[in-house]
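> dropping a prediction and its sequence here:
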Amino acid sequence: MDLNADLGEGFGIWRLGDDEALLGLVTSANVACGFHGGDASTMRRVCAEAARRGVAVGAQVGYRDLAGFGRRHIAYDFAELRDEAIYQLGALDAFCRVAGTRVRYLKPHGALYHAAARDESQAAALVAAVNEYDHRLPLLCAPGSVLAQLAVGAGLRVVAEGFPDRGYQPGGTLVPRNAPGALVTDPEQVAERAVRMATERTVVAVDGSVIPCPVESICLHGDSPGAVASAEMVRAALIDAGVPLAAFTG
């Protein structure tokens, strides 16, 4: 099972989350590419540390929305979103090359993640960006999403991920961040949910129902309260459950 986290989301003098601590726990790092968070120096620092630790680097592309941290929906034209995704991929890949590694996958961030899960135009723009930039790059996204379906149709590899620190609705989508039950903050509960995802491929929704959750990667949000404590417990719990941890891409 792959364990990923959103990293490099600080900007300028502001730091968000503990990138260094999380890089010692995860197998894949979703690195912000400067649009919703991150900047050139942050990208360089995180890519260098990820390369040193043998952590796979993925481009976490988002809306051009630093003020809103990429969590506000933007109605993009297909070509503009495709080109901005390629722009972000190229920027992060440059710092990966300097660090002796490369971008190994793409994952959308925030509002773009949710939009691409249901909006064909925005999902198609991300698929086109990967196809044009590097057809070998997998897409890390929600299982059964529109993005996953279009990517598979285009011959791209799709890696489904689950969120043990987020609440799920009975239909399999995440509870909106402004709704009750959106975040799971108890590290023990997060670890328990992660083990269930990895071993049973299910998750308990907010209404108590058990729903399918067929994932290859488990995501922890680097900006969530207690992210490092949760990551430590998740990693230990997965190992204790006999689940091997490794990046999904070599």
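Thanks, I have it.
> would you map the helices across the protein?
Along the chain, the segments classed as helices by DSSP state H run 19-23, 40-53, 78-98, 110-116, 120-133, 146-153, 187-200, 227-240.
> residues in contact with the fifth one?
Looking back up the chat, that one is helix 120-133. Helix 120-133 is touched from outside by 61, 76, 78-79, 81-83, 85-86, 89-90, 106, 108, 112, 115-117, 137, 139, 145-147, 150-151, 154, 156, with contacts defined as CB atoms under 8 Å, 6 or more residues apart in numbering. Backbone N, C-alpha and C define where each C-beta goes, glycine included.
> mind checking which of those are buried?
Listed as buried from the contacts of helix 120-133 are 61, 76, 81-83, 85-86, 89, 106, 108, 112, 115-117, 137, 139, 145-147, 150-151, 156; burial here means 16 or more other CB atoms under 10 Å.
> might you list the low-confidence residue ranges for this protein?
Regions of the chain meeting the criterion pLDDT under 70 cover residues 222-225, 250.
> tell me how many other residues surround Gly153.
10 (other CB atoms under 10 Å).
> what's the separation between it and Val26?
From Gly153 over to Val26 the distance is 30 Å, taken as CB to CB, to the nearest Å.
> Gly38 too?
Separation of Gly38 from Val26 (CB to CB): 17 Å.
> same check, this time on Glu132
28 Å.
> between those two, who's got more neighbours?
Comparing Glu132 with Val26 by other CB under 10 Å, the one with more neighbours is Val26, at 28 against 13.
> contact partners for Arg102?
By CB under 8 Å, 6+ apart, the contact set of Arg102 is 57, 93, 96.
> at 7 Å instead, please
Residues in contact with Arg102 (CB atoms under 7 Å, 6 or more residues apart in numbering) are 93, 96.
> and what of Leu3?
Contacts of Leu3 were listed using CB under 7 Å, 6+ apart, and they are 26-27, 218, 234-235, 245.
> can you select the buried ones among the residues you listed for me in ChimeraX?
Buried residues among those (16+ other CB under 10 Å), as a ChimeraX selection:
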select :26,27,218,234,235,245
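> farthest pair in the contacts of Leu3?
Thr27 and Val234 (11.6 Å; CB to CB).
> wait, what's in contact with Thr202?
Shown in contact with Thr202 (CB under 7 Å, 6+ apart): 196, 210-213.
> for Arg45, state which of those residues is nearest.
For the contacts of Thr202, the nearest to Arg45 is Cys213 (33.2 Å; CB to CB).
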